[in-house]
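Chemist: What follows is a protein structure lacking sequence information:
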Ligand code: FA5
């Protein structure tokens, strides 16, 4: 019996060495270990030997069977590795094949301009602060010296949510929030979305402003002009003409409006600039002492200036775009032309 086991084992080992694919391995398993297999047949023969010798022979058969099972496992590993190697050698990567065209996104022109202004301001020492787009009447108007029923409210046709809540019509609301929470010296900018019931080639119901505020001792109109001139020259280059015009805002005194050469006619005068050769870019002025006091800042000790850019106007000047609406239409053909 012992010899039979040894003989079967040798025969199995000889065959197993020759197994070179999964099909023959599976056939081998059936032939030797299956229900009708040769090891099972050997076990069945145990009934012919004396019962006291059966445990000994049972152990011999099981040890041999275990040996074959281990080699089957190793053969499986070998075949898997072989299969992987074949796959890898057949799959050749052609690194000279041109890549598929994928559409690459880019920063919206408006945000390019906004980022450029922010970078320039940060280099000039300004800190960026953010504020809510839905404002209370107090921050958007009252604290800025525009009480209810004041005619100055007509300058900005605003969207009200409730009697007291408004889609902010100007980032100037952030002047108040900054002065309430910071102590002078204050030097901040606050970019963001603003809303007004306005619509033509240079006005959009949703647009973007960037507010600037400087409060310290001895701040004067000279500082305002110097900072804004430097900022605009950095943004548009030295050839762009800048014009300061006297104006009125209830929260600044004196106030100015600042214009730059019209991008469409280069200053000659055209329908877009209504013949003036200039396009209005921002409002500015010395912070009204009443506003400083509204925020708990001693107006005898401190003074300040503020400015509010229309960022969309900047963008259409920078990229010579005929209508502000094109900035909001999400026309990929148009947007992808602006690099
Ligand atoms: C203001 O909004 C003041 N808060 C600016 C200011 C800040 C003055 C600080 C003094 C001190 P004004 O209404 O002029 O001002 O708007 C400022 C700029 O926003 C305009 O010059 C223009 O460039 C832009 N703007 C105004 N309305 C629109 C609109 N509907 N669409 C696009 N841009 C607009």
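Modeler: Looks like it came in fine. A quick note: this is a predicted structure, and the numbers were derived from the prediction, not measured.
Chemist: following the helix or strand in which residue 6 is found, which helix or strand comes up?
Modeler: Using DSSP states H and E, residue 6 falls within helix 2-18. Going down the chain from helix 2-18, the next helix or strand is helix 22-33, by DSSP H and E.
Chemist: and stretch 147-164, average pLDDT?
Modeler: Per-region confidence: stretch 147-164 scores 84 on mean pLDDT.
Chemist: cool, and stretch 265-281?
Modeler: 85.
Chemist: buried ones in it?
Modeler: 265, 267, 272-273, 277-281 (16 or more other Cβ atoms under 10 Å). The C-beta positions use only the backbone N, C-alpha and C, and glycine is treated the same way.
Chemist: Quickly find the element holding residue 229.
Modeler: Going by DSSP H and E, residue 229 is in helix 221-236.
Chemist: helices or strands next to the helix or strand that that helix is followed by in the packing?
Modeler: Sequence-wise, the next helix or strand downstream of helix 221-236 (DSSP H and E) is strand 242-249. Where contact means 3 or more Cβ pairs under 8 Å, 6 or more residues apart in numbering; DSSP states H and E, strand 242-249 is packed against helix 221-236, strand 252-261, strand 278-287.
Chemist: Sheet partners, orientation included, of strand 242-249?
Modeler: strand 252-261 (antiparallel) (DSSP bridges).
Chemist: low pLDDT regions in this structure?
Modeler: Applying pLDDT under 70 to the chain flags the ranges 263.
Chemist: Intersect the buried residues of stretch 265-281 with the contacts of the ligand.
Modeler: 280-281 (Cβ under 6 Å from any ligand atom).
Chemist: just checking, what packs against the helix holding residue 6?
Modeler: So helix 2-18, by 3+ Cβ pairs under 8 Å, 6+ apart, packs with helix 22-33, helix 38-44, helix 54-90.
Chemist: could I get the ones you listed as JSON lines with mean neighbour count?
Modeler: Converted to JSON lines, the helices and strands packed on helix 2-18 look like this (neighbours: other Cβ atoms under 10 Å):
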{"stretch": "helix 22-33", "mean neighbour count": "15"}
{"stretch": "helix 38-44", "mean neighbour count": "15"}
{"stretch": "helix 54-90", "mean neighbour count": "13"}
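Chemist: wait, which of these is closest to the ligand?
Modeler: The ligand lies closest, by Cβ to the nearest ligand atom, to one member of the helices and strands packed on helix 2-18: helix 54-90, at 60.2 Å.
Chemist: Can you tell me which helices and strands that closest one packs against?
Modeler: Using 3+ Cβ pairs under 8 Å, 6+ apart: helix 54-90 touches helix 2-18, helix 22-33, helix 38-44.
Chemist: by how many degrees do it and helix 2-18 diverge?
Modeler: 0 degrees (axes from the mean of the first three to the mean of the last three Cα atoms, to 10 degrees).
Chemist: who's in contact with the helix or strand following helix 54-90?
Modeler: Of the helices and strands lying after helix 54-90 in sequence (DSSP H and E), the nearest is helix 109-123. Residues from elsewhere that reach helix 109-123 (Cβ atoms under 8 Å, 6 or more residues apart in numbering): 107, 128, 189, 191, 208, 210, 212, 231, 234-235, 309, 311-312, 314-315, 318-319, 321, 327, 335, 338.
Chemist: and helix 109-123, how far from the chain's centre?
Modeler: 16 Å (Cα atoms, centre = their mean, to the nearest Å).
Chemist: Could you check which residue of the chain lies nearest the ligand?
Modeler: Counting by Cβ to the nearest ligand atom, the chain gets nearest to the ligand through residue 310 (2.0 Å).
Chemist: Hmm, that residue is touching residue 281, no?
Modeler: Yes: using Cβ atoms under 8 Å, residue 310 is in contact with residue 281, at 6.1 Å.
Chemist: Residue 218: what secondary structure?
Modeler: Recorded secondary structure, residue 218: coil (DSSP: H, G, I helix; E, B strand; the rest coil).
Chemist: from now on call the first residue 842
Modeler: In the new numbering, first residue 842, that becomes residue 1059.
Chemist: so it makes contact with residue 1144?
Modeler: Yes: counting by Cβ under 8 Å, residue 1144 is a contact partner of residue 1059 at 7.1 Å.
Chemist: the more surrounded of those two?
Modeler: residue 1144 (21 against 8; other Cβ atoms under 10 Å).
Chemist: and stretch 1142-1160, how far apart are its ends?
Modeler: One end of stretch 1142-1160 to the other measures 43 Å (Cα to Cα, to the nearest Å).
Chemist: tell me which residues of it are tucked away?
Modeler: Buried residues in stretch 1142-1160 (16+ other Cβ under 10 Å): 1143-1160.
Chemist: which ones among those residues are found in strands?
Modeler: Of those, the ones assigned to strands by DSSP state E are 1144-1151.
Chemist: ok, these vs residue 1006, which is closest?
Modeler: residue 1149 (21.1 Å; Cβ to Cβ).
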